[in-house]
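# with the input below, show me the fold.
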Amino acid sequence: MDEQKRKCLYCGEPIYGRMDKKFCCDSCRNSYNYEKTHKQTNIVRNINAIFTHVYKTKTGSVYYIVYDQAYLPKEGSPDSFLLVKFDER
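Okay, the predicted model is just below:
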């Protein structure tokens, strides 16, 4: 009788078999875990897309923006950068 009360975490269908099962089939288990991790990854991806980008000035200088900081590679010195606080307002 307890088997009838247990429901799949993904689709809500009844679960039969082992007592510790949480999903009715592999497809539901995979879908549940994919959605769980995919949403978290999307949040990070969306934030990074908003706060990391390239900014080109009218004079042709290219600043690489990472959140609220921007850096500009110095000409003639590949290991030197100019670091500035970036405010897009």
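
# and the end-to-end length of stretch 65-81?
End-to-end distance for stretch 65-81, by CA to CA, to the nearest Å: 13 Å.

# of all the residues in it, which ones are buried?
I65, A70, L72 (16 or more other CB atoms under 10 Å). Where you see a C-beta, it was placed from the backbone N, CA and C, and this is true even at glycine.

# how far does the helix or strand hosting the first one sit from the chain's center?
Spelled out, it's I65. Assessed by DSSP states H and E, I65 sits inside strand 62-66. Here strand 62-66 is found 21 Å from its chain centre; the criterion is CA atoms, centre = their mean, to the nearest Å.

# which SSE is immediately downstream of it?
With DSSP H and E, the next secondary element past strand 62-66 is strand 69-73.

# parallel or antiparallel, which strands does that next one pair with?
strand 62-66 (antiparallel), strand 81-85 (antiparallel) (DSSP bridges).

# in what helix or strand does the residue most central in space within the chain lie?
Closest residue to the average C-alpha location of the chain: T41 at 2.5 Å, with CA atoms, centre = their mean. Here T41, judged by DSSP H and E, is contained in helix 26-51.

# what about the chain, any weak spots by pLDDT?
The chain contains residues with pLDDT under 70 at 1-4, 88-89.

# change it to 80
The chain contains residues with pLDDT under 80 at 1-4, 39-45, 47-50, 78, 87-89.

# for V84, see how far away the closest residue to T57 other than its chain neighbours is.
Leaving out its chain neighbours, the residue that sits closest to T57 by CB to CB, 6 or more residues apart in numbering is Y63, at 7.2 Å. Using CB to CB, to the nearest Å, we find Y63 at a distance of 8 Å from V84.

# how many residues are close by K36?
When counting by other CB atoms under 10 Å, one arrives at 9 neighbours for K36.

# all further residue positions should be reported with the first residue as 460.
Got it, the first residue is 460 from now on, which makes the last one we talked about K495.

# now it: how far from K466?
From K495 to K466 the distance is 17 Å (CB to CB).

# same question, F510
Applying CB to CB to F510 and K466 gives a distance of 41 Å.

# one more: V513?
From V513 to K466 the distance is 49 Å (CB to CB).
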